[in-house]
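**Student:** Build me a structure from this.
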Amino acid sequence: MAKTFHLTVAKVGENLFDGEAVSATVPGVEGVFQVLAGHEAFVSELAAGDVRVTTPDDTVHSFTISDHGIAEVSYNQATILL
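**Tutor:** Alright, predicted model coming up:
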């Protein structure tokens with residue numbers, strides 16, 4: 001079984017995803033990055049583009065960032081604000 005981390009994807013007034021994820025591919029302002037279980041803690045500004053989340057059952061969820069956002073990763077959890 002793949003290692004997972006807790007991920008929340010939200011925008012003002014709406015929770016888009018809240019659960020376990022295997023990976024999240026995210027468009028950062030300095031390039032695309034991928035978050036996996038056990039990732040080093042950091043905060044990054046996000047650029048316009050698509051966030052792709054893969055869950056333990058191999059389902060892929062996609063969320064569009066139309067302008068900018070923020071990602072925060074720490075202690076085997078991540079929050080992405082669109």
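**Student:** partners of the residue most central in space within the chain in the sheet?
**Tutor:** Nearest residue to the geometric centre of the chain (CA atoms, centre = their mean): Ala24, 4.6 Å. Taking DSSP bridges as the rule, Ala24 bridges to Val35, Val53.
**Student:** if I look at it, how far off is Ser66?
**Tutor:** Using CB to CB, to the nearest Å, we find Ala24 at a distance of 18 Å from Ser66. Bear in mind the C-beta positions are built from the backbone N, C-alpha and C, glycine included.
**Student:** can you check Leu46 too?
**Tutor:** Distance from Leu46 to Ser66, by CB to CB: 11 Å.
**Student:** joint contacts of the two?
**Tutor:** Here Leu46 and Ser66 have Leu82 as joint contacts, going by CB atoms under 8 Å, 6 or more residues apart in numbering.
**Student:** So for those two, which residue has more residues nearby?
**Tutor:** Each of Leu46 and Ser66 has its neighbours counted (other CB atoms under 10 Å); Leu46 has more, 20 against 9.
**Student:** Contacts only, for the residue lying closest to the more buried one once chain neighbours are set aside.
**Tutor:** The shortest distance from Leu46 to any non-neighbouring residue, by CB to CB, 6 or more residues apart in numbering, is to Gly69 (3.8 Å). By CB under 8 Å, 6+ apart, the contact list for Gly69 reads Glu45, Leu46, Ile80, Leu81, Leu82.
**Student:** now swap in Ser44 and tell me
**Tutor:** Here Ser44 is in contact with Val26, Gly28, Val29, Glu30, Phe33, Ile70, Ala71 (CB under 8 Å, 6+ apart).
**Student:** Many thanks, I have nothing further to ask.
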